[in-house]
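> Test case, fold it:
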Amino acid sequence: MDITNPTLKPYPAYKDSGVPWLGEIPAHWDVKRQRNIADMLVSNVDKLSVDGEVPVRLCNYVDVYKNDHITERIQFMRATASAAEIDRFRLRLGDVLITKDSESWNDIGVPSLVEYIAEDLVCGYHLALLRPRPNVILGSFLLRAIQSRGVSIQYHVAANGVTRYGLSQNAIKSVLVPVPPLEEQHHIAAFLTHIDHRVNRLIRIKRRMIALLNEQKQAIIHRAVTRGLDPDVRLKPSGVEWLGDVPEHWEVRRLKSLVTEAVAGPYGSSLTKAMYTKQGYRVYGQQQVIPDNFSVGDYYISAEKFAEMIRYHVTPNDVLVSVMGTVGRIAVVPESAEPGIINPRLVRYRPDFNKIRARYVQLAMQASPSQAQLAEGAKGTTMEGLNMQILGRLLILVPPLQEQDAILKNVDLATQQPVSAITRTQREINLIREYRTRLIADMVTGKLDVRGVDLAAYGDEIAGLGEKLAEEDDVGEEDGDPVDQQG
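Prediction:
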């Protein structure tokens, strides 16, 4: 799939960079180690507040990980620091912060550019602060260089650890970065910022489209699980004020009366990340339940650990519910799922198949009445989460089994169009992000020349980018041309 804009051309002359992953670079560019282009500080300011220290706002790991730019819109954490720490780690405009430690190797080296400063705003723990040297590199260009795959992979390779990964100061300083002249750095950074604004606006539009499609899908599900398929069905009072009238022949049952078994995921030290292996029995969690996709994920435990934790195992048609963080998401274990167990963020229900279908449990729990009950229950807990008591009290409208089957079939047909549109739109978003990633790589490694580009006139075609990329991707797959997902 070709996602390079034809109006951008290569530089007129290239030379060998001497770096295998970088290959040729423009003849007038250099390649330098980070120690020669930026000063580095590793913060030791943690989130604790200590009597006698000065109150500060802390730019922490999450702020950097979730934002390309540090701006005043971020709600910074409150903490304290010594006067010396404030003087040393106070942020300056143009600083680049990177994540230095993480539980996952590919979360290492994520950068963010400082665009907002204040007397009390300091760099927090688990971050490294890169301060670009004047007349050598711009922070706005260094941000983009670190975002490119060739540079970021150096952080990933250098990260050490087993259950937690981290970068040494020497590893950070040794990273190689392509360095064009300052004026070109400015042009490249400005070009990519311009593209960012347009891409982000396009993604917001597509996310709103997905939200509307989800509303359409939820309306179909709500109608089916609260009224059924017969518009003339006779109704009766449900006995529950907020539920109103329900079909006369339906029952109102609590979830705990519709299952043969309910098991909360293991807590405490019975399952830790140190116990995970590279292969064996799967450990299922929100990674599968939230997208309702059991083909993803790479957490495993050994056969010995699986035997020890057999009470948490899953079987096809089990209903899994997320109960911590993102709560109230539901998935049914498919026949194709590998043997495994649930993690602490899930509860497993085994439906009584004489009363209810597994997929009907999922539909009923996804409908707005159930989600409202779960949201209200989560508010009343001491932490953000659901417990077995809240879930067990959940009220579900239960039609006869034969009618459940008819409803499931009807919902599948009625939601086919919005589900297909959601899938395609999400695919377009993913391809747009890939376009952005590859464009950054091409710009900061000198594959394309942005000098002389009129930003005001450039990028109007991005409005239809998602559809264009999806069409090209479809053609590539049909022709047997695999899509490069690495960006």
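> Going along the chain, name the strands of the stretch 151-300 of the chain.
Applying DSSP state E, counting those that start in this stretch to the stretch 151-300 of the chain gives strands spanning 160-161, 165-166, 176-179, 235-237, 245-247, 251-254, 259-264, 281-284, 300-301.
> So which of the ones you listed is nearest Leu212?
Closest to Leu212 of the strands of the stretch 151-300 of the chain is strand 245-247 (CB to CB; 27.9 Å). The C-beta positions use only the backbone N, C-alpha and C, and glycine is treated the same way.
> Which other helices and strands does the closest one contact?
With contacts defined as 3 or more CB pairs under 8 Å, 6 or more residues apart in numbering; DSSP states H and E, strand 245-247 has these neighbours: helix 182-227, strand 235-237.
> Using TSV, lay out the ones you listed together with mean pLDDT and mean neighbour count.
Below are these laid out as TSV (pLDDT from 0 to 100; neighbours: other CB atoms under 10 Å):
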stretch	mean pLDDT	mean neighbour count
helix 182-227	93	17
strand 235-237	93	11
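> so which of those gets nearest Gln288?
Taking CB to CB as the criterion, helix 182-227 is the member of those that comes nearest to Gln288, at 19.5 Å.
> so where is the stretch 351-487 of the chain shaky, pLDDT-wise?
In the predicted model, the stretch 351-487 of the chain carries pLDDT under 70 at residues 379-384, 456-487.
> Now do the helices in it.
For the stretch 351-487 of the chain, applying DSSP state H, counting those that start in this stretch gives helices covering 358-366, 368-379, 388-392, 401-414, 416-444, 465-478.
> Tell me which of these sits most buried.
Per residue and on average, the most neighbours among the helices of the stretch 351-487 of the chain fall to helix 358-366, with a mean of 22 (mean count of other CB atoms under 10 Å).
> residues in contact with Ser336?
Going by CB atoms under 8 Å, 6 or more residues apart in numbering, Ser336 touches Phe294, Ser295.
> Distance check, it against Leu202.
For Ser336, the distance to Leu202 (CB to CB, to the nearest Å) stands at 35 Å.
> next one: Asp63
Using CB to CB, Asp63 is found at 25 Å from Leu202.
> how about TSV for the helices and strands packed on strand 245-247, with distance to Tyr276 added?
Formatted as TSV, the helices and strands packed on strand 245-247 follow (distance: least, CB to CB, whole Å):
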stretch	distance to Tyr276
helix 182-227	33
strand 235-237	51
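> Relative to Cys59, which of those is closest?
For the helices and strands packed on strand 245-247, proximity to Cys59 was assessed by CB to CB; helix 182-227 is nearest, at 20.5 Å.
> now the angle from the closest one to helix 358-366?
Between helix 182-227 and helix 358-366, the angle comes out at 110 degrees (axes from the mean of the first three to the mean of the last three CA atoms, to 10 degrees).
> How far does helix 182-227 sit from its chain's centre?
Between the centre of helix 182-227 and the centre of its chain there are 14 Å (CA atoms, centre = their mean, to the nearest Å).
> swap in stretch 390-400?
For stretch 390-400, the separation from the chain centroid amounts to 31 Å (computed by CA atoms, centre = their mean).
> Just the residues contacting that stretch, thanks.
Contacts of stretch 390-400 (CB under 8 Å, 6+ apart): 225-226, 228, 238, 240, 243, 246-247, 249-256, 258, 262, 321, 323, 347, 355-356, 361, 364-365, 369-370, 373-374, 377-378, 380-381, 404, 407.
> Figure out the length between the terminal residues of that stretch.
Taking CA to CA, to the nearest Å as the measure, stretch 390-400 stretches 25 Å from start to finish.
> Stretch 175-188 now?
Start-to-end span of stretch 175-188 (CA to CA) is 20 Å.
> List of residues touching it?
17, 19, 22, 25-26, 28-34, 37, 135-138, 140-142, 144-146, 151, 154-155, 158, 443-446, 450-451, 453.
> Which of those residues are buried, as a PyMOL select command?
Buried members of the contacts of stretch 175-188, defined by 16 or more other CB atoms under 10 Å, are picked up in PyMOL with:
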select buried, resi 17+22+25+26+29+34+37+137+138+140+141+142+144+145+146+151+154+155+158+443+444+445+446+450+453
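> Out of the contacts of stretch 175-188, which sit inside strands?
When DSSP state E is applied, the contacts of stretch 175-188 are split such that Ile25, Pro26, Asp30, Val31, Lys32, Arg33 fall in strands.
> Neighbours of Ala159, how many?
22 (other CB atoms under 10 Å).
> For it, report the pLDDT, please.
pLDDT for Ala159: 78.
> Quick check: it touching Tyr165?
Yes: the pair Ala159 and Tyr165 qualifies as a contact (CB atoms under 8 Å) at a distance of 4.1 Å.
> intersection of neighbour lists for these two?
Common neighbours of Ala159 and Tyr165, using CB under 8 Å, 6+ apart, are Ser102, Trp105, Ile108.
> In strands only, show me those.
Ser102.
> Top of the shared contacts of Ala159 and Tyr165 by number of neighbours, please.
Counting neighbours by other CB under 10 Å, Ile108 comes out on top of these with 24 neighbours.
> Just give the closest residue to it, not the sequence neighbours.
Here the nearest residue to Ile108 in space, its sequence neighbours aside, is Ala159; by CB to CB, 6 or more residues apart in numbering that works out to 4.4 Å.
> what does Pro316 give?
What sits nearest to Pro316 in space, not counting adjacent residues and going by CB to CB, 6+ apart, is Glu335, at 4.6 Å.
> For the one you found, give its distance to Val296.
Where Val296 is concerned, Glu335 sits at a distance of 17 Å (CB to CB).
> Equivalent analysis for His194, please.
His194 is 34 Å from Val296, by CB to CB.
> before we move on, back to that, kindly present the strands of the stretch 151-300 of the chain as JSON lines, with separate columns for distance to Arg436.
Putting the strands of the stretch 151-300 of the chain into JSON lines (distance: least, CB to CB, whole Å) gives the following:
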{"stretch": "strand 160-161", "distance to Arg436": "29"}
{"stretch": "strand 165-166", "distance to Arg436": "26"}
{"stretch": "strand 176-179", "distance to Arg436": "19"}
{"stretch": "strand 235-237", "distance to Arg436": "52"}
{"stretch": "strand 245-247", "distance to Arg436": "49"}
{"stretch": "strand 251-254", "distance to Arg436": "48"}
{"stretch": "strand 259-264", "distance to Arg436": "41"}
{"stretch": "strand 281-284", "distance to Arg436": "32"}
{"stretch": "strand 300-301", "distance to Arg436": "33"}
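> Deepest-packed of the ones you listed, please.
Of all these, strand 281-284 has the most neighbours on average by mean count of other CB under 10 Å, namely a mean of 24.
> Distance check, Ala307 against Gly446.
Ala307 is 56 Å from Gly446, where distance means CB to CB.
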